[in-house]
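structure, please.
(one chain, ligands or ions: 1)
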Amino acid sequence: MHKKVIFIMLLFVLLCSHVPGFHTVSVRAAVKPPLARYGRLHVSGRRLVDSHGKTVQLKGVSTHGLSWYPQYVNKKAFQTLRDQWGAEVIRLAMYTAEYNGYCTGTKQNQKELKALIDKAVRCCNELGLYVIIDWHIVSDSDPHTYQKEAKAFFQSMAKKYAGYKNVIYEICNEPNGGVTWSQICSYARPVIRAIRRQDAQAVIIVGTPTWCQDVDTAAAAPLKGKNLMYAFHYYASTHTDDLRKKLQTALDKGLAVFVTEYGICEASGNGIIKKNEANRWMNLLDQNKISCVAWNLSNKDEASALLKSTCAKKFGWKRSDLSESGKWVYDMMRKK
Ligand code: IDC
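Residues are numbered from 1 along each chain as shown. The predicted structure follows:
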């Protein structure tokens, strides 16, 4: 009798294991959401750590421009990323200048962007995901261009989300056009103060010169203050050993680095994909427990988009709905 029961149970497991999705559902159901696992994050030395001081390496996905692809800000999409992909953090890229940017669009547009961020932050909170609010400067190379707007924006965000444990602020995506580290610091200090007046603890990520490549410069003269991190970005088909050296220099100096954007294609966001280089980069990040976010969640017809351009689904993507970049990111994150 006993043997019969065991046999039936084994048969059941064997049959179920052939049902698509069984593994994902069963494995994920047993795992607590990231926020429940790690709690409030903070920075210790060069590491991001959980509420018990244990090193945390978050992996996740960035939206494309929020104004451009608002359709992917929905709970089911984020749930798909959490449960099927293993994502722990979502980055909300809010362009400041391009594509109905926050600083160049209408007041109505600003209102819509804030509503979208609010929806995203709430969804992430309910799902226990970390969320990065990204002030996405690009063509407005110098963050001083919209410093006044940035201060007001982050002050209002920090006021609204001070009680949340999952919100991270990224105050300038990619300074470029020769903007120096000391210029970035003079932008960052008042913006950080505006956040700190509302929220003394949230992790704040500061962009670094040359599209977030010069972390070595930041490491030579980091900002004062707690829970600060520094952004580093790479695109594996364009950036290789030289940039890895820069990152290593910064790490050796003890800089707390967060890769808030990476791609496995060229820096244009398009072009060829180099998986060998992508793997080399990810090994370096894994060895050093550096958190990272993949660019971008959209079906735009470009190599960095994670969804196939023919895929119209707003959530519930299967592996076959993903682009080559998407499949690489999905497989890599699921391994974690
Ligand atoms: C790219 C998008 C592309 C868009 C362009 C506009 O992929 O669809 O037309 O921005 O500027 C970055 C930027 C990020 C870029 C990305 C790829 O932060 O905005 O997105 N990239 O070029 N830095 C390095 C690469």
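
after the worst-scoring helix or strand of the chain on mean pLDDT, next one along is what?
When the helices and strands of the chain are scored by mean pLDDT, DSSP states H and E, helix 22-30 comes last with a mean of 48. Per DSSP states H and E, the first helix or strand lying C-terminal to helix 22-30 is helix 34-38.

which positions in that next one come out as buried?
Neighbour-count burial for helix 34-38, counted by 16 or more other C-beta atoms under 10 Å, picks out 34-35, 38. C-beta: built from backbone N, CA, C; applies to glycine.

now do the contacts for the closest residue to the ligand within the chain.
Residue of the chain nearest the ligand, by C-beta to the nearest ligand atom: G269 (2.7 Å). Counting by C-beta atoms under 8 Å, 6 or more residues apart in numbering, G269 touches 235, 263, 295-296, 302-304.

now swap in Q183 and tell me
142, 144, 175.

list, out of those, those positioned next to the ligand.
The overlap between those and the neighbourhood of the ligand (criterion: C-beta under 6 Å from any ligand atom) is empty.

now, which of those lie within strands?
Nothing among those maps onto strands, per DSSP state E.

who wins for most neighbours among these?
Of all these, the highest neighbour tally under other C-beta atoms under 10 Å goes to P175, namely 29 neighbours.

who's in contact with D50?
Applying C-beta under 8 Å, 6+ apart, we find D50 in contact with 37-39, 41, 56.

same question, C185
Taking C-beta under 8 Å, 6+ apart as the test, what C185 contacts is 221, 223.

quick check: which element contains it?
Per DSSP H and E, C185 falls inside helix 181-198.

immediately after that helix, which helix or strand?
strand 204-206.

residue ranges for the strands of the chain, please.
For the chain, the strands defined by DSSP E cover 42-44, 47-49, 59-65, 89-95, 130-136, 167-170, 204-206, 228-235, 257-263, 292-297.

mean pLDDT, mean neighbour count and distance to A188 added to those, as TSV?
Formatted as TSV, these follow (pLDDT from 0 to 100; neighbours: other C-beta atoms under 10 Å; distance: least, C-beta to C-beta, whole Å):
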stretch	mean pLDDT	mean neighbour count	distance to A188
strand 42-44	98	16	15
strand 47-49	98	20	19
strand 59-65	98	25	21
strand 89-95	98	25	17
strand 130-136	99	25	11
strand 167-170	99	23	11
strand 204-206	99	27	5
strand 228-235	99	25	9
strand 257-263	99	25	15
strand 292-297	98	26	20
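
ok, D214 - contacts?
When contacts are counted by C-beta under 8 Å, 6+ apart, D214 is found next to 181, 208, 246.

how about the nearest residue to the first one once chain neighbours are set aside, what does it touch?
So that's W181. In space, W181 comes closest to T217 once its chain neighbours are excluded; the distance is 4.5 Å by C-beta to C-beta, 6 or more residues apart in numbering. Applying C-beta under 8 Å, 6+ apart, one finds that T217 lies in contact with 181, 208-209.

can you pick the most crowded of those?
T208 (28 neighbours).

I'd say that one and A231 touch.
Yes - assessed by C-beta atoms under 8 Å, T208 is found in contact with A231 at 6.0 Å.

okay, now N173: neighbour count?
When neighbours are defined as other C-beta under 10 Å, N173 has 27 of them.

how close does it sit to Q108?
Relative to Q108, N173 is positioned 23 Å away (C-beta to C-beta, to the nearest Å).

now the terminal residues of stretch 130-149, how far apart.
24 Å (C-alpha to C-alpha, to the nearest Å).

related to what we said a few turns ago, farthest-separated two in the contacts of D50?
R37 and L41 (11.0 Å; C-beta to C-beta).

let me see the contact set for L58.
Applying C-beta under 8 Å, 6+ apart, the residues contacting L58 are 34, 48, 88-89, 130, 291-292.

got the residues of the stretch 101-250 of the chain near the ligand?
By the rule C-beta under 6 Å from any ligand atom, the part of the stretch 101-250 of the chain lying against the ligand is 138, 173-174, 211, 233, 235.

repeat that with 5 Å
Residues of the stretch 101-250 of the chain lying close to the ligand (C-beta under 5 Å from any ligand atom) are 138, 174.

where does the stretch 101-250 of the chain dip in pLDDT?
Low-confidence segments of the stretch 101-250 of the chain, defined by pLDDT under 70, are absent.

which ones are touching the closest residue to N299 other than its chain neighbours?
Closest residue to N299 apart from its sequence neighbours, by C-beta to C-beta, 6+ apart: L307 at 4.1 Å. L307 is in contact with 297-299, 313, 317, 321-323, 326, counting by C-beta under 8 Å, 6+ apart.

many thanks, have a good one.
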